[in-house]
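In: coords please:
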Amino acid sequence: MPDKSIKLLTYNVHSCIGNDRKLDPGRIASVIAEAEADIVALQEVDVLRRRTGGVDQAHVIASLLKMQAHFHPALSIAEEQYGDAIITALPTGAVKAGPLPSIGEARGALSIEILVGDRKLLVVNTHLGLRGRERIRQMTTLLNSGWLRGPSDEPVPGILCGDFNAIPSSATYRLAARSLTDAQLAGSAAPRATFPSRYPLMRLDHIFVTEGLVVQRATVLQTRLTRVASDHLPLLAEISFA
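Out: This is a model prediction of the structure:
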């Protein structure tokens, strides 16, 4: 594991159902393996849902990659769950997970402390709502109520990532950009759209970093595989400690 930088991938996997309507968690794992990501933030993950064959998608993808999965259900109906996951082979510490203020579909966030060499890194993964006012409340919660702070309130360098359902001209994006750095602006020649995967028009998926972190590069992965595996393209950033 490089001590200097880590590769983080954020990916809305659409319940592992591709644009060809094929259900294939293995395909998602292949995308992640090809990217050589150290930390993976997934949104729209199904766990024990009848519609996707009753499997634990977070666990299946993690085991194919020889990593560990941490999953938080934004939505639970009996044993069926749907939500966000963070997958990594790096040692992990404190975990925080919970709901975000939601108007429509229930939304949540998952935060994990990850050890990179002898440094601590906080990774927060989320999938924000579809309404503008709802997203602003959710982003305000993530920025203000301890999500991006260590368990004892110590300042730990952090990453906030996921599907924000928000384009860069939106109030939600601007709220995040006020105190955090957009990895695509810091680490790529020109920011690229992530949705829809076949003909990307909108930049909805984001990686933001706090002070103490430097983005080396950021890329939206556009390959034959990523264009079919999900309706979103994955966003990959290489990040190091300042």
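In: All the strands of the chain, residue numbers only.
Out: 5-12, 39-47, 68-77, 80-88, 92-100, 107-116, 119-127, 158-163, 181-182, 205-209, 213-220, 235-241 (DSSP state E).
In: Throw those into TSV and include mean neighbour count, distance to Ile136 and mean pLDDT, thanks.
Out: To be clear about C-beta, it is placed using only N, CA and C from the backbone, and glycine gets the same treatment. Conversion of these to TSV gives the following (neighbours: other C-beta atoms under 10 Å; distance: least, C-beta to C-beta, whole Å; pLDDT from 0 to 100):
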stretch	mean neighbour count	distance to Ile136	mean pLDDT
strand 5-12	25	20	97
strand 39-47	27	19	97
strand 68-77	18	18	94
strand 80-88	24	19	96
strand 92-100	16	11	93
strand 107-116	22	13	96
strand 119-127	23	14	96
strand 158-163	25	15	98
strand 181-182	20	17	98
strand 205-209	26	15	98
strand 213-220	19	24	96
strand 235-241	23	22	97
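In: Let's have those strands in CSV, adding distance to Arg21.
Out: Putting the strands of the chain into CSV (distance: least, C-beta to C-beta, whole Å) gives the following:
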stretch, distance to Arg21
strand 5-12, 17
strand 39-47, 15
strand 68-77, 22
strand 80-88, 18
strand 92-100, 30
strand 107-116, 26
strand 119-127, 22
strand 158-163, 21
strand 181-182, 33
strand 205-209, 22
strand 213-220, 23
strand 235-241, 24
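In: Which one, of those strands, ends up nearest to Thr172?
Out: strand 205-209 (9.8 Å; C-beta to C-beta).
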